[in-house]
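1. whatever this is, show me its structure:
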Amino acid sequence: MDTALNARIVAGASVLQRTVGPGPWTWRVLTGPVDGRAVVRYEGPTGTVLIGKFYPDDTGERAFRDTAALAARAAAAGVRTLHIATPRSYEPGLRLLLQDPMPGARLDAGTLDLGALERAGTALAELHGLGGAATEVKTLADHLRELSQPLPTALAADRPQYRDRIEAALVRMATAESTWTGTRCAPLHRDFHLRQLFADGARIGVIDWDLFAYGDPAFDVVYFTTYLRNHYDTATAQPAVEAFLRGYRAQQSIPDLEARRPAYEAFNYMRRACRRFRLRDPGWEFEIQKMMQRLEQVRW
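-> Numbers count the residues shown, from 1 in each chain. Below is the predicted model:
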């Protein structure tokens, strides 16, 4: 492990001894380190468990502020399904966000539960209904710049066999967005997928608010349905998508969702291809090829 990051993890245990209770506090790295980030599980002598997220920059401070504000608004609105846990604290010197573990089981653990997926749709609809004062409304160009690493143009430059379809998709996305009228502005999670969701039987807990922003609610909806179709075969994904949309539509309506779907699907295929291109993890070349095939098949 990175020596500097390990020192911050040790220092995080010292913070817990001072602010929560005397140690010893043990820890286990759950994810990372990747790109200067890591998630750590801390456990105290009385069984107290806290989750620590370490950041390479000030993203954690923004996530702390946004999550606390959203949790307060959700409580004030009396939402029944969406659970946003108020974070414990943010330690700026360590760039460490401390939070309680989310109760329930992660939705990607085992067979897809259609009832839980329907509640996930309800939870997302409740998030989109919270409103709030948007200082900036994200466009597709913003989403590409902030969420795709590298940009699709970099993938096109390295893989010229995909250049034409990437460039054509980018033009079609911009053209489509320019025709949308009356777009509702809503709070967006922008990374809403199964590994971020926990079901406790009644509520859906949502974690990882690092990418929170305001924009078109169709973005989150299509992000999730495209995720399901990318990770599961059609026979599994289709009923899961239907259950999710059933839960969402019981609370919120996006009348022109189908008109916006192609642009957001294209965004997701390119974003995923670019991520695998950046990571170069096992199977990355095959995954890029698959995403580029799906990009070509988008029904504009």
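
2. contact partners for residue 147?
-> For residue 147, the contacting residues are 190-191, 211, 271, by C-beta atoms under 8 Å, 6 or more residues apart in numbering. Every C-beta, even on glycine, is put in place using the N, C-alpha and C of the backbone.

3. residue 40 too?
-> 9, 12, 27-30, 51-54.

4. let's see it at 7 Å
-> Residue 40 makes contacts with 9, 12, 27-30, 52, 54, as judged by C-beta atoms under 7 Å, 6 or more residues apart in numbering.

5. where's residue 198, which helix or strand?
-> strand 197-199 (DSSP states H and E).

6. partner strands of that strand, with direction?
-> strand 105-106 (antiparallel), strand 204-206 (antiparallel) (DSSP bridges).

7. still on that earlier bit, which ones among the contacts of residue 40 map onto helices?
-> Counting by DSSP state H, these place 9, 12 in helices.

8. just name the most buried of the strands paired with strand 197-199.
-> Burial of those is given as mean neighbour count (mean count of other C-beta atoms under 10 Å); strand 204-206 ranks first at a mean of 24.

9. quick one, strands of the stretch 201-300 of the chain?
-> Using DSSP state E, counting those that start in this stretch, the strands of the stretch 201-300 of the chain run over 204-206, 213-215.

10. closest one to residue 88 among those strands?
-> Of all the strands of the stretch 201-300 of the chain, it is strand 204-206 that lies closest to residue 88, at 15.3 Å by C-beta to C-beta.

11. quick one: the closest one to chain centroid distance?
-> 12 Å (C-alpha atoms, centre = their mean, to the nearest Å).

12. show me the contacts for residue 177.
-> With C-beta under 7 Å, 6+ apart, residue 177 has these contacts: 139-140, 263.

13. 6 Å instead?
-> residue 140 (C-beta atoms under 6 Å, 6 or more residues apart in numbering).

14. from residue 171, how far out is it?
-> Relative to residue 171, residue 177 is positioned 11 Å away (C-beta to C-beta, to the nearest Å).

15. picking up where we left off before, by mean pLDDT, show me the worst of the strands paired with strand 197-199.
-> Ranked on mean pLDDT, the bottom entry among the strands paired with strand 197-199 is strand 105-106, at a mean of 94.

16. report the buried residues of the helix or strand following that strand.
-> Once strand 105-106 ends, the next helix or strand along the chain (criterion: DSSP H and E) is helix 114-128. Residues of helix 114-128 classed as buried by neighbour count (16 or more other C-beta atoms under 10 Å): 116-128.

17. max pairwise distance over those residues: which two?
-> It's 116 and 128 that sit farthest apart of the buried residues of helix 114-128, by C-beta to C-beta, at 18.8 Å.
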